[in-house]
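A.B. asks: quick one, what's the 3D model for this:
(one chain, ligands or ions: 1)
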Amino acid sequence: MFNLILFGPPGSGKGTQSEKLIAKYGLKHLSTGDLLRSEISGQTPLGMAVKSLMAEGKLVPDEIVIEMIDTALDNNPQVNGFLFDGFPRTTSQAEALDKLLAQKGTSIAVVLALQVGKEELIKRLLNRGRTSERSDDVNEEVIASRINEYEKKTAAVADHYKKYGKVEYVKGEGSIDEIFEMLCEKIDAKKIA
Ligand code: AMP
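C.D. replies: Numbers count the residues shown, from 1 in each chain. Take a look at the predicted model:
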């Protein structure tokens, strides 16, 4: 199995690049944001419980997303590997993920960290808010809160994986194809190594 984490702040292009990477490498895409949004649109009890936190741009509790990922791993026993997008977002989520993968005899091969400047992030998110259904992209205050959550809690996830030499940085500004090429180079280098 080849498992990777696509890491970066909100608006860094994780969703766009994930689509291209799963197509090229045959990975299963696991986006906790997408899973949570589908709980909300299905009006499930879990969806109702997380709706207001997400609307405010706050992280939902670790236990909820870890449980969702645990279930998704169990539901996909036959895949080539997983691409985690938007998860893990805290150090405890990273530790829980490492444990769940170890129980399945596998691990994270690489963490690809997309780097994008703050002004560009805000511009992209407001732009996405004009064309997508995502209510958390419309309001500048909510966007600021999401970036703040990233800086406060999520940036530490890179430090966690740096301890194991697994983090590779890629500049997330430029054309979609250029960024994709750079991500593929990093993946291919790990696959050969
Ligand atoms: P995303 O689509 O990854 O930008 O996530 C949208 C929102 O879903 C975030 O602002 C959080 O409220 C919630 N969320 C997604 N993934 C996680 C996670 N791993 N941990 C906590 N909250 C999450």
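A.B. asks: quick check: longest helix in this structure by residues?
C.D. replies: helix 176-192 (DSSP state H).
A.B. asks: quick check: residues of this protein near the ligand?
C.D. replies: 10, 32-33, 36, 53-54, 57-60, 65, 86-87, 89, 93, 136, 146 (C-beta under 6 Å from any ligand atom). C-beta: built from backbone N, CA, C; applies to glycine.
A.B. asks: now do 8 Å
C.D. replies: 10, 14-15, 31-34, 36-37, 50, 53-54, 56-62, 64-65, 85-90, 93, 134, 136, 146, 149 (C-beta under 8 Å from any ligand atom).
A.B. asks: now do the strand ranked longest in the chain: which elements does it pack against?
C.D. replies: Longest strand of the chain, by residue count under DSSP state E: strand 108-115. Here strand 108-115 touches strand 3-7, helix 91-103, helix 155-162, strand 167-171, helix 176-192, going by 3 or more C-beta pairs under 8 Å, 6 or more residues apart in numbering; DSSP states H and E.
A.B. asks: could you give the angle of it to helix 176-192?
C.D. replies: In terms of direction (axes from the mean of the first three to the mean of the last three C-alpha atoms, to 10 degrees), strand 108-115 departs from helix 176-192 by 150 degrees.
A.B. asks: alpha carbons of the helix or strand just after strand 108-115, in CSV - could you do that?
C.D. replies: Downstream of strand 108-115, the first helix or strand assigned by DSSP states H and E is helix 118-131. The C-alpha atoms that make up helix 118-131 are tabulated as CSV, following Å, rounded to 0.1, in the frame of the first residue of the first chain:
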residue,chain,number,x,y,z
LYS,A,118,-2.0,34.0,3.2
GLU,A,119,-3.2,36.8,0.8
GLU,A,120,-3.4,34.3,-2.1
LEU,A,121,-5.3,31.8,0.2
ILE,A,122,-7.9,34.4,1.1
LYS,A,123,-8.3,35.5,-2.5
ARG,A,124,-8.8,31.9,-3.6
LEU,A,125,-11.3,31.0,-0.9
LEU,A,126,-13.5,34.1,-1.5
ASN,A,127,-13.4,33.3,-5.2
ARG,A,128,-14.4,29.7,-4.5
GLY,A,129,-17.2,31.0,-2.3
ARG,A,130,-18.7,32.9,-5.3
THR,A,131,-19.0,29.7,-7.4
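A.B. asks: list the buried residues for helix 118-131?
C.D. replies: Buried residues in helix 118-131, counted by 16 or more other C-beta atoms under 10 Å: 121-122, 124-125, 128-129.
A.B. asks: which of the helices or strands spans the residue in the chain that the ligand sits nearest to?
C.D. replies: The nearest approach of the chain to the ligand comes at Gly33, 2.0 Å away (C-beta to the nearest ligand atom). Using DSSP H and E, Gly33 sits in helix 32-41.
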